[in-house]
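Student: pasting a predicted model and its sequence here:
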Amino acid sequence: MRDRRYGGYKKPGSGKKDSDQSFEDLLRETRKGSSSDSDYRERSLKIHGLICAKCGREFTYKKRHLLTVHHKDGNHMNNPPDGSNWENLCVYCHDDEHSRGLLSDYLSDEE
Ligand SMILES: [Zn+2]
Ligand SMILES: [Zn+2]
């Protein structure tokens, strides 16, 4: 057989698979996915400890799922390895933090 580079040269698995994957990633993230989430989560827990930054409640290793990672600047893509954008908040405080929403963001910005 001769060399047929011309006609249907295809890179195996180019393009299509890629976009499928990122779509799935997106879905996972919107669904409060646990896989990409748990990566920085575990790191944040290691850096800041199993304690809520707000109410000071401590958690055992077994109950650490009640601690969540809050992004101080609200940007979930901003995950510096030193943990400077993370705050460990228990689910109650985290809820509280977000229900205050823009106002508290505003105030802390002013300072
Ligand atoms: Zn708390
Ligand atoms: Zn948060």
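Tutor: Great, that's in hand. Ligands and ions are numbered 1, 2, ... in the order given.
Student: roughly how far apart are residue 87 and ligand 1?
Tutor: Separation of residue 87 from ligand 1 (C-beta to the ion, to the nearest Å): 10 Å. Placement of C-beta: from N, CA and C, glycine included.
Student: average pLDDT for the particular helix or strand that has that residue in it?
Tutor: Secondary structure assignment for residue 87, by DSSP states H and E: strand 86-90. The average pLDDT for strand 86-90 rounds to 97.
Student: parallel or antiparallel, which strands does it pair with?
Tutor: Strand 86-90 sits in its sheet next to strand 67-71 (antiparallel), going by DSSP bridges.
Student: what does the partner strand contact?
Tutor: Residues outside strand 67-71 that contact it (C-beta atoms under 8 Å, 6 or more residues apart in numbering) are 37, 40-41, 44-45, 50-53, 59, 78-79, 85-91, 94, 97.
Student: now do the helices in this structure.
Tutor: With helices called from DSSP state H, the chain shows them at 16-30, 35-48, 91-100, 102-110.
Student: which parts of this protein sit against ligand 1?
Tutor: With the criterion set to C-beta under 5 Å from the ion, the chain comes near ligand 1 through 52, 54, 55, 90, 93.
Student: how close does the second one get to residue 75?
Tutor: By that I understand residue 54. Using C-beta to C-beta, to the nearest Å, one obtains 20 Å as the distance from residue 54 to residue 75.
Student: for residue 53, same thing?
Tutor: Residue 53 sits at a distance of 18 Å from residue 75 (criterion: C-beta to C-beta).
Student: of those two, give the one with the bigger neighbour count.
Tutor: Ranked by neighbour count (other C-beta atoms under 10 Å), residue 53 and residue 75 place residue 53 first, with 19 against 9.
Student: I figured that one was touching residue 89, is that so?
Tutor: Yes - if you go by C-beta atoms under 8 Å, residue 53 and residue 89 touch, sitting 6.0 Å apart.
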